[in-house]
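Enquirer: Structural data only, the sequence is not supplied:
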């Protein structure tokens, strides 16, 4: 299977993902037992989802646990002629960016960022993000607290 090939997930794939979301280190044998399928089926389906780029199994942390870190969302509006995909790519390449998405609503894009200090965030805004052509304005929302935020 080619990397980034689009696959259609069925209910079994979705149930395997649900089990992995509970504990990414769960044994394939345990998933198979719970879903009443063979361990080989679990292994094959996870391999297929990883190869196509749909699934990654990684460790995640609660970013709000680290009291001195700065986590923020940045709403981004584009100039009328901006190339959306190019701007998305350029933002995603900046240090500190965890994700960037094109969306509907008040903003054209939203970026999630994480830094070790307010000064690092300031440098990102004043020296990094402003260098990207096509951005007309931004609005930054700093996380103060939250529940269930894992990255």
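Expert: Now that the structure is in, tell me what you want to look at. This is a predicted model, so every value here is computed, not measured. Numbering: from 1, shown residues only.
Enquirer: contacts, neighbours, all on C-alpha from now
Expert: OK.
Enquirer: Run a quick neighbour tally on residue 75.
Expert: Burial of residue 75, expressed as a neighbour count using other C-alpha atoms under 10 Å, amounts to 19.
Enquirer: The helix or strand that contains it: partners in the sheet, and parallel or antiparallel?
Expert: When secondary structure is defined using DSSP states H and E, the element that contains residue 75 is strand 70-78. With DSSP bridges as the criterion, the sheet partners recorded for strand 70-78 are strand 109-115 (antiparallel), strand 135-142 (antiparallel).
Enquirer: contacts for that strand?
Expert: For strand 70-78, the surrounding residues in contact (C-alpha atoms under 8 Å, 6 or more residues apart in numbering) are 63-64, 84, 107-118, 121, 134-143.
Enquirer: Quick one: buried ones out of those residues?
Expert: Neighbour counting by 16 or more other C-alpha atoms under 10 Å classes 63-64, 84, 107-115, 121, 134-135, 138, 140 among the contacts of strand 70-78 as buried.
Enquirer: The residue positioned nearest the centre of the chain: which element?
Expert: Among the residues of the chain, the one closest to the centroid is residue 99, at 4.8 Å (C-alpha atoms, centre = their mean). Mapping residue 99 onto the secondary structure by DSSP H and E places it in strand 97-102.
Enquirer: Which secondary structure elements does that strand sit against?
Expert: Other elements packing on strand 97-102 under the criterion 3 or more C-alpha pairs under 8 Å, 6 or more residues apart in numbering; DSSP states H and E are helix 84-92, strand 109-115.
Enquirer: neighbouring contacts of the shortest one?
Expert: By C-alpha under 8 Å, 6+ apart, the surrounding residues in contact with strand 109-115 are 69-77, 88, 91, 96-103, 121.
Enquirer: same check, this time on the longest one
Expert: With contacts defined as C-alpha under 8 Å, 6+ apart, helix 84-92 is touched by 78, 97-102, 109, 111, 129, 132-135.
Enquirer: switch to 7 Å and redo it
Expert: Where contact means C-alpha atoms under 7 Å, 6 or more residues apart in numbering, the residues beyond helix 84-92 that reach it are 99-100, 132, 134.
Enquirer: What mean pLDDT does that helix get?
Expert: For helix 84-92, the per-residue pLDDT values average out at 95.
Enquirer: Perfect, that will be all.
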